[in-house]
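Undergrad: Could you look at this predicted model? Sequence included:
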Amino acid sequence: MFDVRVMRRDGVRLARDEAASQTEHSGEFVLDVANGARRLRLKSPWTSGYAPVELYEPVLISARNGVQLWRGYERVGERGVVQEWIVRAR
């Protein structure tokens, strides 16, 4: 089980305090392919639904002290923008 917070809005990095106040999404990682691109999502074990965050072409940037940083792209309308997730294992 993982807890995820997004670190960017419309591709722009959030200030540290603003990122810390973002909604935390919890679930298990699911990696699949959508429209020819790898997609990382979070599936809730309680509802079997997916969290409203997706990361396309995810890359693990850092993993230390129980915290992971993932970077990829998210869809905003019809365009893709850079997104980062800060991930903690429960």
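TA: Nice, I can see it.
Undergrad: going forward, measure contacts between C-alpha atoms and count neighbours the same way
TA: Fine.
Undergrad: can you map out the helices along the protein?
TA: For the chain, the helices defined by DSSP state H cover 16-20.
Undergrad: Name whatever forms a beta bridge with residue 41.
TA: residue 30, residue 54 (DSSP bridges).
Undergrad: Tell me which residues touch it, please.
TA: By C-alpha atoms under 8 Å, 6 or more residues apart in numbering, the contact set of residue 41 is 29, 30, 31, 50, 51, 53, 54, 55.
Undergrad: ok, the closest residue to the first one other than its chain neighbours to residue 51 distance?
TA: Think residue 29. Closest residue to residue 29 apart from its sequence neighbours, by C-alpha to C-alpha, 6 or more residues apart in numbering: residue 42 at 4.9 Å. Using C-alpha to C-alpha, to the nearest Å, residue 42 is found at 5 Å from residue 51.
Undergrad: on that earlier part again, any chance of the contacts of residue 41 in CSV with neighbour count and pLDDT as columns?
TA: As requested, the contacts of residue 41 are exported to CSV (neighbours: other C-alpha atoms under 10 Å; pLDDT from 0 to 100):
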residue, neighbour count, pLDDT
29, 14, 94
30, 12, 95
31, 16, 96
50, 18, 94
51, 16, 92
53, 16, 92
54, 21, 94
55, 24, 96
